[in-house]
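# Pasting a predicted model and its sequence here:
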Amino acid sequence: MNSSKRLPRGLPRAPERGVAFLLVLWVVAMLSVLLGSFALVARTELTQSRHLFDTTQARYAAEAGLDLAVYELRKSDPMMRWVGDGRPYSFGFGDADVEVRITDDSGKIDLNAPNEQMLTNLFAARGLDPDRAQGLAAAIKDWIDPDDDTTLNGAELAQYKAAGLSYGPRNAPFDTVLELQQVLGMNYELFSKVEPALTIYSGQGVPNLANAPIEVLDAQEGGSADCSAQIVEWRRSFQPGDPAAPPQPECATQAGMSIPMAAGGGLTYSVKSRAKLPNGASTTLDATIRMGGINAAGRPYVILRWRDGENS
């Protein structure tokens, strides 16, 4: 009599059951990986979509700041008009908090009508040693003059070649302020410090101190960083059109500076509009505009320079 046990018909042997169990585990593991990958992709796409939505919302809020600045600058009442001396103006736009700063370009140093001494002072006030500051100011003059004669301490084609550069001065006016980075002796670190003080649109050899940014005030003979800060606070203490302005800071008088009261301003303005959302997303729009007329887009101003998307 055979005493070996027989499995019921239809029931797999033990090794077969083990293989089936492992196969089920493998399938479950693969499904888990696929599900996890899908969840990760979905989360990534959601984050990207949210970031795109936030930056777009902040961008249009910043553009609203620019449009509001134009509206406020066009007001006929000087007591109501916004002032182009860099003071901040804040307002809410939807969920965004917007801060706008306007600088009349008449208060900046014009690279195409250069005042060498003021440029030298500007570079020295931003950390360049006096000799290099003087040489850089002279190189700017050589960049825009039409001849190939080297100014004292300046730079023409021979100096650029000696520095290993494949180009020389344009011998023509600057097309943009950014072009200053190509001038021999300039570097990005210094450029980023002096850019707010520079323009190519005023046509004036001497900036209007009523609207001058703090970098230009620092470049005045006999001035100092502390005195410049006092002048900025003094300017913000009154509104153009006030019957009488408080006396200007004593340090300005001692330095021989006479700071006029801001009046109607010019036609060219640099506008920096920063919009920030509650979740921290932000966009900064930095533009230079010229007021007057109606352009093809129906706007009462012309855009001369435009830079945006700088999250900070």
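It's in.
# Check the secondary structure at residue 260 for me.
Using DSSP: H, G, I helix; E, B strand; the rest coil, the structure places residue 260 in coil.
# How about it: what's its closest non-neighbour residue?
Of all residues not flanking residue 260 in the chain, residue 210 sits nearest, at 4.6 Å (Cβ to Cβ, 6 or more residues apart in numbering). Backbone N, C-alpha and C define where each C-beta goes, glycine included.
# these two touch, right, the one you found and residue 107?
Yes. The pair residue 210 and residue 107 qualifies as a contact (Cβ atoms under 8 Å) at a distance of 6.9 Å.
# Going by residue numbers, what spans are strands in the stretch 151-300 of the chain?
Assigned by DSSP state E, counting those that start in this stretch, the stretch 151-300 of the chain shows strands spanning 198-199, 268-276, 282-291.
# just checking, what packs against the worst-scoring helix or strand of the chain on mean pLDDT?
Least confident helix or strand of the chain, by mean pLDDT, DSSP states H and E, is helix 14-73 with a mean of 82. On a contact count with 3 or more Cβ pairs under 8 Å, 6 or more residues apart in numbering; DSSP states H and E, helix 14-73 meets strand 85-93, strand 96-104, strand 268-276, strand 282-291, strand 301-310.
# List just the one of those that sits closest to residue 176.
strand 301-310 (7.2 Å; Cβ to Cβ).
# From the contact counts, what lies against the closest one?
helix 14-73, strand 282-291.
# can I get those in JSON lines with distance to residue 226?
Output for the helices and strands packed on strand 301-310, formatted as JSON lines (distance: least, Cβ to Cβ, whole Å):
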{"stretch": "helix 14-73", "distance to residue 226": "30"}
{"stretch": "strand 282-291", "distance to residue 226": "27"}
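# wait, which of these is closest to residue 246?
When the helices and strands packed on strand 301-310 are compared by Cβ to Cβ, helix 14-73 sits nearest residue 246, at 23.6 Å.
# can you give me the offset of that closest one from its chain's centre?
Centre-to-centre, helix 14-73 and its host chain are 31 Å apart (Cα atoms, centre = their mean, to the nearest Å).
# Then stretch 114-122?
On Cα atoms, centre = their mean, the centre of stretch 114-122 falls 23 Å from that of its chain.
# do the same with stretch 274-293
For stretch 274-293, the distance to the chain centre is 9 Å (Cα atoms, centre = their mean).
# Alpha carbons of that stretch, in PDB - could you do that?
The C-alpha trace of stretch 274-293 is given here as PDB (Å, rounded to 0.1, in the frame of the first residue of the first chain):
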ATOM      1  CA  ARG A 274       8.500  95.500  -7.300                       C
ATOM      2  CA  ALA A 275       5.500  93.200  -6.700                       C
ATOM      3  CA  LYS A 276       5.500  90.700  -3.900                       C
ATOM      4  CA  LEU A 277       2.800  88.000  -3.200                       C
ATOM      5  CA  PRO A 278       1.900  86.700   0.300                       C
ATOM      6  CA  ASN A 279       3.700  83.400  -0.500                       C
ATOM      7  CA  GLY A 280       7.000  85.300  -1.100                       C
ATOM      8  CA  ALA A 281       7.000  85.200  -4.900                       C
ATOM      9  CA  SER A 282       8.100  88.500  -6.400                       C
ATOM     10  CA  THR A 283       9.000  90.200  -9.700                       C
ATOM     11  CA  THR A 284      10.900  93.400 -10.200                       C
ATOM     12  CA  LEU A 285      10.400  95.500 -13.300                       C
ATOM     13  CA  ASP A 286      13.000  98.100 -14.100                       C
ATOM     14  CA  ALA A 287      12.200 100.400 -17.000                       C
ATOM     15  CA  THR A 288      13.100 103.800 -18.400                       C
ATOM     16  CA  ILE A 289      10.300 105.700 -20.100                       C
ATOM     17  CA  ARG A 290       9.800 109.000 -21.900                       C
ATOM     18  CA  MET A 291       6.600 110.700 -21.300                       C
ATOM     19  CA  GLY A 292       4.500 112.400 -24.000                       C
ATOM     20  CA  GLY A 293       2.200 111.500 -26.900                       C
END
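# tell me which residues of stretch 176-184 are tucked away?
Of all the residues in stretch 176-184, those buried under the rule 16 or more other Cβ atoms under 10 Å are 177, 180, 183, 184.
# How many neighbouring residues does residue 261 have?
Applying other Cβ atoms under 10 Å, we find 15 residues neighbouring residue 261.
# now residue 55
17.
# Can you name the residues in contact with stretch 135-148?
By Cβ atoms under 8 Å, 6 or more residues apart in numbering, the residues outside stretch 135-148 that reach it are 111-112, 114, 116-117, 119-120, 123, 128, 150-157, 159, 169-174, 180, 183-186.
# low-scoring stretches of the chain, by residue?
For the chain, applying pLDDT under 70 flags the ranges 1-17, 262-265, 296, 310-312.
# ok, residue 210 and residue 107, which is more surrounded?
It is residue 107, of residue 210 and residue 107, that has more neighbours when counted by other Cβ under 10 Å, with 26 against 19.
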